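1. here is the input, now give the coordinates:
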Amino acid sequence: FTDAMFRTHLGSGPGPYQAQVFSSDASKAHFSAFARVHQSLCQYRTALVEEAHRSGLPLARHPMLEFPEDPEVSSLENQVMLGSEIMLAPVLSPGTTSLSVYLPEPSREGERWVRWPSLQTAVLEKGGGGILRVRARVGEPAVFFLSGFEQRYPDAYKSFAAEAARITERLGRGAFQCPRHVDTRVDFVQLLQMLSCTAVLAVLLHYCCATGARKK
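-> Below you'll find the predicted structure:
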């Protein structure tokens, strides 16, 4: 549920505090599963990129940009929206089992928030909006999308729902684990691969600079 790109790591290289996608079997399994989820929203993200080009709005945004008239939204610190259709409250701490999520009342009449991956409509006391305590753990962030998403982005909804079934199955058999320790050491082969990429980039940069200098 990130922006346009799905990165394999947080930084530009290995280090004691920079976990890589290959750091453990758990991290590889987690990355693989959510890479599929990221790809399933291709149609939706394409529309968001086009919107960003036209208006400058970011793909991932604070809910206040979508619900400026809701006084409760401005104080939200741990929720983010992907475009105008998907609300996300990420799991930030190991051992988390539930989260409180604030869902603003949808601006379109008759629409409701739907939980992913269960695909069940959220039941709220105040019409279509309010605070909801939901189960959330590693591999199961608190994700909601608007019920009209299926009509507005049918291709994205179809693949998004298919991945919901896969994630539900993995959660059911406990496939997502949060390792107590992540070994971020890089073996010799991985180090050579990274050094090779760096060398190739350096050669390309030198070639571009030399070509530009000759043209001048």
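
2. could you pull out the helices in the chain for me?
-> 25-40, 42-55, 149-152, 154-172, 188-215 (DSSP state H).

3. what's the second one in contact with?
-> Same thing as helix 42-55. The contact list for helix 42-55 (CB atoms under 8 Å, 6 or more residues apart in numbering) reads 4, 57-59, 82-83, 85-86, 149, 153, 155-156, 159. C-beta here means a position set from N, CA and C on the backbone, and glycine is covered the same way.

4. same deal with the fourth one?
-> The contact list for helix 154-172, computed with CB under 8 Å, 6+ apart, reads 33, 36-37, 39-44, 116-119, 139-140, 145, 149-150, 176.

5. drop anything exposed from those.
-> The neighbour count (16 or more other CB atoms under 10 Å) marks 33, 37, 40-41, 43-44, 116-118, 139-140, 145, 149-150, 176 as buried among the contacts of helix 154-172.

6. show the contacting residues for S100.
-> I131, L132, R133.

7. residues near G110, how many?
-> Other residues near G110 number 8, with proximity taken as other CB atoms under 10 Å.

8. ok, now the one 5 residues further on?
-> For R115, the number of neighbouring residues by other CB under 10 Å comes to 20.

9. what residues are up against it?
-> Counting by CB under 8 Å, 6+ apart, the residues that R115 touches are T121, A122, V134, A142, V143, F144.

10. which among the buried ones among the contacts of helix 154-172 gets closest to S75?
-> Ranked by distance to S75 (CB to CB), the buried ones among the contacts of helix 154-172 are led by F145 at 22.5 Å.
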